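> I would like the atomic coordinates for the input below:
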Amino acid sequence: MAGERNPETAVVRHEVLHRGKVVDLFVDTIRLPSGKEAIREVVHHPGGVVAIPILDDGRVLLIRQFRYAPQKYILEFPAGKLDSGQPPLETMQRELEEETGYHSGDLRYVLSFHTSPGFCDEVIHLFTASDLTHAGQRLEEGEHILVESYSLEECLHMIRTGDIADAKTILGLLWHRFQNPDFL
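Okay, the predicted model is just below:
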């Protein structure tokens with residue numbers, strides 16, 4: 001219902017609970033059209049980027065890194081947070097090179113999506129990265145990332161088995177699959 005008026009625009013009170021390195025948390029008390037008040041808890045995130053790195057032979061690059069919140073290694077596409085003042089395209093090129101060691105000669109914007117709109121304003125921008133040239137990883141302090149390559153068929157199998165459970169990676173793989181309708 002694009003273009004409709006937001007029924008929850010009357011903010012009665014705005015309270016910042018936390019300002020962090022990655023996210024801010026605030027609570028808004030809003031007035032509903034009925035006159036009643038309601039609470040909206042919102043996590044503010046600066047947004048991010050993710051790329052589908054496609055090798056010349058059609059395989060895709062994934063990274064395997066330990067993620068603190070779920071306390072396990074996650075197999076995912078290279079990604080990063082929009083926090084450097086760079087536009088998404090430049091941020092993605094930098095993150096791709098840092099995390100995978102590859103430079104993309106053809107980095108293309110695909111789409112943007114909300115990760116968890118029920119409580120978070122994060123938007124991630126998805127790119128495809130092809131014409132890859134290896135230049136060597138430039139990991140940040142504390143990053144331990146392994147770069148792996150898989151066929152699209154292997155990736156789809158790993159989604160089914162739960163070996164790939166990262167939402168941005170699943171979305172990217174399914175988008176990539178549907179761009180190749182003759183596959184499978």
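> per-domain residue ranges of the protein.
10-44, 48-178 (automatic domain parsing).
> most packed of those?
domain 48-178 (a mean of 16; mean count of other CB atoms under 10 Å). To be clear about C-beta, it is placed using only N, CA and C from the backbone, and glycine gets the same treatment.
> Please state the backbone phi and psi of the residue located most distally from the centre of the chain?
Most distant from the centre of the chain: residue 35, at 37.2 Å, with distances by CA atoms, centre = their mean. Backbone geometry at residue 35, expressed as degrees, to the nearest 10, gives phi 100, psi -20.
> ditto for residue 89
Taking degrees, to the nearest 10 as the convention, residue 89 sits at phi -60, psi -50.
> And the one 5 residues further on, by the same measure?
Recorded main-chain torsions at residue 94 are phi -60, psi -50, according to degrees, to the nearest 10.
> any chance you could map the helices in this protein?
Using DSSP state H, the helices of the chain run over 88-100, 152-161, 167-178.
> Now distance to residue 63 and mean pLDDT too, for those, in CSV please.
Converted to CSV, these look like this (distance: least, CB to CB, whole Å; pLDDT from 0 to 100):
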stretch, distance to residue 63, mean pLDDT
helix 88-100, 5, 95
helix 152-161, 13, 97
helix 167-178, 10, 96
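> out of those helices, nearest to residue 17?
helix 167-178 (25.2 Å; CB to CB).
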